[in-house]
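>>> Fold the following.
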Amino acid sequence: MEAQVEVRCRSCHHRFKILALQEFVECPNCLQKWRLKWFDESTATILAPESWVEFQKKMKSVRIDSEETKK
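Numbering: from 1, shown residues only. Next comes the predicted model:
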């Protein structure tokens, strides 16, 4: 069995486990896809969204939703 590593989503801050040495992962909480950087087999960090265009669209919709709830 491959080792699992825990990372934290940079969008929703949810911690989740991933298999070692994956290039891309998806947060099970917010479904945002991320590109990973591996320092070694047991240490990874989220580097960037898989697609900046999709990430910006998602963040705009979140901002609009939060502004509407303030009214």
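>>> in this structure, which residue is closest to the centre?
Cys9 (4.0 Å; C-alpha atoms, centre = their mean).
>>> Retrieve the pLDDT associated with the nearest residue to that one once chain neighbours are set aside.
Residue nearest to Cys9 in three dimensions, not counting chain neighbours: Cys27, with 4.0 Å by C-beta to C-beta, 6 or more residues apart in numbering. The C-beta positions use only the backbone N, C-alpha and C, and glycine is treated the same way. In the prediction, the pLDDT value recorded for Cys27 is 96.
>>> Count the neighbours of Cys27 for me.
Residues contacting Cys27 under the criterion other C-beta atoms under 10 Å number 21.
>>> Phe39 too?
By other C-beta under 10 Å, the residues close to Phe39 number 8.
>>> One more: the one 4 residues further on?
Thr43 sits with 11 neighbouring residues when counted by other C-beta under 10 Å.
>>> What residues of stretch 12-24 count as buried?
Residues of stretch 12-24 classed as buried by neighbour count (16 or more other C-beta atoms under 10 Å): Ile18.
>>> what about it, start to end distance?
End-to-end distance for stretch 12-24, by C-alpha to C-alpha, to the nearest Å: 17 Å.
>>> Tell me which other helices or strands the helix or strand that contains Thr45 touches.
Secondary structure assignment for Thr45, by DSSP states H and E: strand 43-49. Here strand 43-49 touches strand 4-8, strand 33-40, going by 3 or more C-beta pairs under 8 Å, 6 or more residues apart in numbering; DSSP states H and E.
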